[in-house]
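Q: no sequence on hand, only this structure:
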């Protein structure tokens, strides 16, 4: 699940707004010092000086640790692949560039493709703490999932297919609202908080597949990562809070607004794959596939704009820094058994080394993208998928029906979060074009609030709906 990585716990709220109170006291002290005797003025001036130090920009800079704030959620490419769920050993359309580039060589004609997706996510929260109240939150978003142009040709008698592609790799969408009470000596401050994250990391890739022998195909893609398509940044996280209560025994009205913008995302990695037609007899065949997505370190600029308001006194802090984020190695394998021209069954297994997922700020400080704290144990994940496709041959076209089930773990502190799902899909192909649709539904096990930067008393589970549509035009 996309999960909040950095929250302002109660102690931090008290500290921050306590500084705001210091600013107010300091301002009043400076005014009072001009109206009282030298003796009292000296005392008030000292209070004013201390308050000024407390409210300095260095303090506010420390309140924004170098976190990416939302766990990146891997995104699969293409309506056909997502409808069937398992695709590593199938990979027979242009989305092979992201699943297994070796499969590109199965394309017989030049083609252009476009894939759009719409997601609807629901999170269910619960907490045994009396100070935090969460419930159901939901959000939806449209996105460009995949685009490509592929061209078959021959080199030294070998079949080759090259393609240029755009595909979304990690999604950072999140929308969370909840209530939290800040408690302390003389302090009871009910707050209404909201966190909204939008954006994605995408890659433009140059890919190619070659048929070394009639039964062995190899392929590779070079992926250049950058900001989301059409966006001025990669992703942006907005945190808002407001409340009215007692702070240090005095009435207080507070507000907090923090915007983190992650921009100029740059990274390069490779995807290498193979397909092996191990056995074929009449209309039956057995194909094995393997793929490796190499790890990479991303360079990204993080801009933070924080505004705090206490009883009308406003403080604002802006910071800019460069960050390095380590993304993990992923290795997958699959098998596709074609029982006839019409019916096939495929299965995938994929492992991702999330234990290496961490980030460093411009000062070299290391931290965990999950939970918002120091580097800790993040569980590796394993995905297992099973799918099928059945073709109905019409007079001048082919109708395809697809379905699948899967278990795709997501990274979390301690143990991985189990996510289960099923998929349904359909497609219609002619000599000039192909149209495909897919629906996926996912639900997840209860996970600890530690993964969100909340305490252990908080638990959450997810529900996700995804609709995907694609159009392929053949030339």
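A: Yep, that arrived. The structure displayed is predicted, hence computed values, not measured ones.
Q: what is the burial count for the residue nearest to residue 432 when sequence neighbours are not counted?
A: Nearest residue to residue 432, sequence neighbours excluded (CB to CB, 6 or more residues apart in numbering): residue 474, at 5.8 Å. (Glycine included, C-beta is placed from N, CA and C.) When neighbours are counted by other CB atoms under 10 Å, residue 474 registers 16.
Q: for residue 474, which residues are in contact?
A: Neighbour list for residue 474: 109, 110, 111, 431, 432, 433, 434 [criterion: CB atoms under 8 Å, 6 or more residues apart in numbering].
Q: inside helices: which ones of these?
A: Using DSSP state H, no member of the contacts of residue 474 falls within helices.
Q: of the residues you listed, closest to residue 387?
A: residue 434 (18.1 Å; CB to CB).
Q: close enough to count as contact, that closest one and residue 399?
A: No - Residue 434 is beyond contact range of residue 399, at 11.0 Å (criterion: CB atoms under 8 Å).
Q: who has more neighbours, these two?
A: Ranked by neighbour count (other CB under 10 Å), residue 434 and residue 399 place residue 434 first, with 22 against 13.
Q: ok, now how distant is the more buried one from residue 474?
A: From residue 434 across to residue 474, the span is 8 Å (CB to CB, to the nearest Å).
Q: check residue 150 too.
A: Distance from residue 150 to residue 474, by CB to CB: 10 Å.
Q: overlap of the contact sets of those two?
A: If you check residue 150 and residue 474 against CB under 8 Å, 6+ apart, the residues they both contact are 110, 111.
Q: hmm, back to that, let's have the contacts of residue 474 in TSV, adding pLDDT.
A: Below are the contacts of residue 474 laid out as TSV (pLDDT from 0 to 100):
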residue	pLDDT
109	96
110	97
111	97
431	94
432	96
433	96
434	97
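Q: buried ones in the helix or strand hosting residue 117?
A: Taking DSSP states H and E as the criterion, residue 117 maps to strand 111-127. Neighbour counts over strand 111-127 (16 or more other CB atoms under 10 Å) mark 111, 112, 113, 115, 116, 117, 119, 121, 123, 124, 125, 127 as buried.
Q: do stretch 317-326 as well
A: 317, 319, 323, 324, 325.
Q: okay, those residues in a markdown table with secondary structure and distance to residue 254 next?
A: Formatted as a markdown table, the buried residues of stretch 317-326 follow (DSSP: H, G, I helix; E, B strand; the rest coil; distance: CB to CB, whole Å):
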| residue | secondary structure | distance to residue 254 |
| --- | --- | --- |
| 317 | strand | 16 |
| 319 | strand | 21 |
| 323 | strand | 29 |
| 324 | strand | 34 |
| 325 | strand | 32 |
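Q: nearest to residue 92, of those residues?
A: The shortest approach to residue 92 among the buried residues of stretch 317-326 belongs to residue 325, at 33.4 Å (CB to CB).
Q: just the pLDDT for the closest one.
A: Looking at residue 325, its pLDDT reads 94.
Q: let the chain start at 135 from now.
A: Yep, numbering from 135; the last one is residue 459 now.
Q: list the contacts for it?
A: So residue 459 contacts 202, 431, 432, 434, 492, 493, 503 (CB under 8 Å, 6+ apart).
Q: buried members of those residues into PyMOL, please.
A: Applying 16+ other CB under 10 Å to the contacts of residue 459, the buried members can be selected in PyMOL as follows:
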select buried, resi 202+432+434+492+493+503
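Q: narrow the contacts of residue 459 to those in helices?
A: Short answer: the contacts of residue 459 have none in helices (DSSP H).
Q: out of the contacts of residue 459, flag the one nearest to residue 509.
A: Ranked by distance to residue 509 (CB to CB), the contacts of residue 459 are led by residue 492 at 5.2 Å.
Q: ok, back up a step: any chance of the buried residues of stretch 451-460 in JSON lines, with distance to residue 560 too?
A: Converted to JSON lines, the buried residues of stretch 451-460 look like this (distance: CB to CB, whole Å):
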{"residue": "451", "distance to residue 560": "53"}
{"residue": "453", "distance to residue 560": "50"}
{"residue": "457", "distance to residue 560": "43"}
{"residue": "458", "distance to residue 560": "43"}
{"residue": "459", "distance to residue 560": "38"}
